[in-house]
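**Student:** Sequence first, predicted coordinates after that:
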Amino acid sequence: MKNLLLLVFAFCYVAVLAQDEGTIVKRERIQRDKNIFVGGGISILGGSNSGDYSSGLNIEAGYGKRLNRVFSIGGSFSFLRFKYDASVLNNKPTGTTLSGFPSNFYYDGTSTLIDEGFLVSLTGGDVSVMSLALNLKFNFVPVKDNSVISVYGFAKPFIANAATSEIKGFGEYVFYDNNQSNWFYNTANDVQDSYAAKSNITGGIFVGPGVEFFPAKAVSFFAQASFGYTFPFNVISTKSFSNDVSKLPDDFPLKSIGFTSINFAAGISFNLD
C-alpha cells in the first residue's frame, strides 16, 4: 500500500509539473501568431552562374504561423525573373574571347587565319522561375508581444516551373578583304535560327537572413536577403562555349545549368490573432 501511495503521489507530482509546463508554453506564444505577407525586390546572379544575365526581380506572397516565439512555418508563392543581357558577352572568361575581336564574333577554328566569321546577336531567352515553397523561419531572439525588431534566418525549399522564353538568333556574315585591308558585310551569307520557349518542373531552395520591425503588431515590415539555387534547366549561356563555330553544339546558345541568384526584398506582413 505504501508503495502504491508513493506511486500515486509521484504521478500527481508529474501531472502538476506538466500543467505548469503547459502554462509556460502557452505564455511563450505571442497573441498574433498568424500572418499574411507580400514583398519583392531586385535579384542579381550569384555564385558561379554562367548564364548571360545580370539582374532581375523577385516577388513573393505567402502565409505563416508561429509555433512559438522562435519558430514559424508556412508556405509561399514566388516569382523570379531575369532578362537576357547581351552585355554579359563582354565578360567572357579568359580564353574564349578573341584578341582584337568583339566577344560576339564566331569563326571557323579550322582556318589558320581568321578572315571571316559571324557577329551573333540574340533576342529573347528571358528566364522565369515560378515556385511554391515551404517556409521555415527561425528567430534568433524570441519574439514578444512588445518586440520592436526581430532578426531571423530562413530556409525555403521549393518546387518550381522554370521557363526560358523564345530565342531568336541572327548571324551577320563578315569577311576580311586583303586588298582593301578592311572588314565587310555580306548579307547573302547571313544566318538566323530560333528556339521555342521551354519549361520544366524542377526544384531548389532559398536561404538567408532577414529583419522584421514590430513583428507582433497588426502590421509589420521586413527586409531580407537570400541565396537561391534552382536545379539545372536550359538558359542562354554563351560564356560556356568557345568562339569556334566547329565546336558549337546544335542547341547553342542553350546550356542546362544550376541557376543561382542573390535576392534582396522588402515587404509588409499583416499579423492576425
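**Tutor:** Ah, there it is. Just so we're clear, the structure is a prediction, and the values are computed from it rather than from any experiment.

**Student:** So the residue nearest to Arg32 when sequence neighbours are not counted: helix, strand or coil?
**Tutor:** Counting by C-beta to C-beta, 6 or more residues apart in numbering, Asn271 is the residue found nearest to Arg32 once chain neighbours are left out, at 3.9 Å. Backbone N, C-alpha and C define where each C-beta goes, glycine included. Of the three states, Asn271 takes strand under DSSP: H, G, I helix; E, B strand; the rest coil.

**Student:** would you list every one of the helices in this protein?
**Tutor:** 2-28 (DSSP state H).

**Student:** Tell me where it has strands.
**Tutor:** For the chain, the strands defined by DSSP state E occupy 34-45, 53-66, 71-84, 105-107, 116-124, 127-139, 149-164, 167-177, 182-185, 191-195, 198-213, 219-236, 254-272.

**Student:** quick one: which of the ones you listed is nearest Lys247?
**Tutor:** strand 105-107 (9.8 Å; C-beta to C-beta).

**Student:** what comes into contact with the closest one?
**Tutor:** Strand 105-107 is contacted by residues 98, 101, 114, 116-120, 171, 174, 243-245, 248 when judged by C-beta atoms under 8 Å, 6 or more residues apart in numbering.

**Student:** Show me which pair in those residues is furthest apart.
**Tutor:** Val174 and Leu248, at 17.3 Å, using C-beta to C-beta across the contacts of strand 105-107.

**Student:** how many neighbours does Lys156 have?
**Tutor:** Using other C-beta atoms under 10 Å, the number of residues around Lys156 comes to 24.

**Student:** Can you pull out the low-pLDDT segments for the stretch 51-200 of the chain?
**Tutor:** Applying pLDDT under 70 to the stretch 51-200 of the chain flags residues 93-97.

**Student:** surely Ser194 meets Gly125?
**Tutor:** No - Ser194 sits out of contact with Gly125 when judged by C-beta atoms under 8 Å, with a separation of 10.7 Å.

**Student:** quick one: which of the two has more around it?
**Tutor:** Neighbours were counted for Ser194 and for Gly125 using other C-beta under 10 Å; Gly125 has more, 27 against 11.

**Student:** and that one, what does it touch?
**Tutor:** Gly125 neighbours (C-beta under 8 Å, 6+ apart): 52, 84, 164-167, 235-236, 253.

**Student:** Which one (most neighbours) among these?
**Tutor:** Top of the contacts of Gly125 by neighbour count (other C-beta under 10 Å): Ile236, with 28 neighbours.

**Student:** before we move on, the earlier item: separate out the buried members of the contacts of strand 105-107.
**Tutor:** Neighbour counting by 16 or more other C-beta atoms under 10 Å classes 98, 117-120, 171, 174, 243-245, 248 among the contacts of strand 105-107 as buried.

**Student:** out of those residues, who's nearest Phe77?
**Tutor:** Once C-beta to C-beta is applied, the member of the buried ones among the contacts of strand 105-107 that ends up nearest Phe77 is Val120, at 36.7 Å.

**Student:** give the contact list for that closest one.
**Tutor:** If you count contacts by C-beta under 8 Å, 6+ apart, then Val120 has 104-106, 169-171 around it.

**Student:** can I get those residues in CSV with distance to Gly64?
**Tutor:** Converted to CSV, the contacts of Val120 look like this (distance: C-beta to C-beta, whole Å):
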residue, distance to Gly64
Asn104, 46
Phe105, 51
Tyr106, 50
Gly169, 44
Phe170, 48
Gly171, 50
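
**Student:** Name the member of the residues you listed with the most neighbours.
**Tutor:** That'd be Tyr106 among the contacts of Val120, by other C-beta under 10 Å, with 23 neighbours.

**Student:** that older thread, for Ser194 and Gly125, list the residues in contact with both.
**Tutor:** Contact criterion C-beta under 8 Å, 6+ apart; residues shared by Ser194 and Gly125: 166-167.

**Student:** Tell me which residues are up against stretch 259-266.
**Tutor:** 39-49, 51, 56, 58, 60, 80, 82, 127, 129, 162, 204, 206, 208, 221-230, 232-233, 235.

**Student:** thought Phe158 was touching Ala133?
**Tutor:** Yes - at 3.7 Å, Phe158 counts as touching Ala133 under the criterion of C-beta under 8 Å.

**Student:** Mutual contacts of these two, please.
**Tutor:** 78, 206.
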